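Asker: using only what follows, build the 3D model:
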Amino acid sequence: MTYDVVLRPRAALVRSTALSIVFSAVPLAVALVWMSFPLRLWALVASVVVVIAIVVGVVFVRLRSAFVGLGPDGVTVRGVVAARRTFSREQVSSIVLATTFGSSVDRTARELVAFDADEHVLFRMRGDVWGDQGLDRVVDALGVQVTEITRPMPARDFARRYLPGRRTH
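Answerer: Next up is the predicted model:
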């Protein structure tokens, strides 16, 4: 399928993830293996480190290959964790845009949730991953009814209200 709009996770997010792994996790893993030598647990610790490294590598590859594609007939979403989903543009009937915050009001993030005609969640996008401009591009490209919540709300309340059971199609 060809896409008119293709969004990828913010480059800064990918870069900071890679740098965090290299400068934090790698030295920690080396130190753990080194410290396990006197206890003769190095093989076990090394095995755990390798398994964790594989999981982190898979997540990093998924982060690099995640995208949202908007074509003339369809929408394709491949998230970091979620499987690739494709559905027609006509299925998207409304969008909710909100600014949420976690434990601190100082750290806010925009969120977009797209619904079908039966108010089932089709997909969700977070501004900290896709960028605020990316969310705006999706809204503009889909051209459906948008409900924008102007006051920031706790992320937990947003999820409870707009992501019932966190079900997606």
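
Asker: quick one, phi psi at the most far-flung residue of the chain relative to its centre?
Answerer: For the chain, the residue at maximal distance from the C-alpha centroid (C-alpha atoms, centre = their mean) is P38, at 41.1 Å. P38 adopts backbone torsions of phi -60, psi -30, taken as degrees, to the nearest 10.

Asker: name the element L122 belongs to?
Answerer: Element membership of L122, judged by DSSP states H and E, is strand 121-126.

Asker: now do the helices in the protein.
Answerer: Using DSSP state H, the helices of the chain run over residues 11-20, 26-36, 42-65, 127-130, 132-142, 155-162.

Asker: go through those and pick out the most buried.
Answerer: By mean neighbour count, with neighbours taken as mean count of other C-beta atoms under 10 Å, helix 127-130 ranks first of the helices of the chain at a mean of 19. Glycine gets a C-beta too; all of them are placed from N, C-alpha and C.

Asker: thinking again about what came up before, show residues contacting the strand holding L122.
Answerer: Contacts to strand 121-126, defined as C-beta atoms under 8 Å, 6 or more residues apart in numbering, come from residues 68, 75, 77, 79, 85, 87, 91-92, 109-116, 134-135, 138, 162-164, 166-169.

Asker: please report how far P27 lies from A141.
Answerer: Computed as C-beta to C-beta, to the nearest Å, the P27 to A141 distance reads 43 Å.
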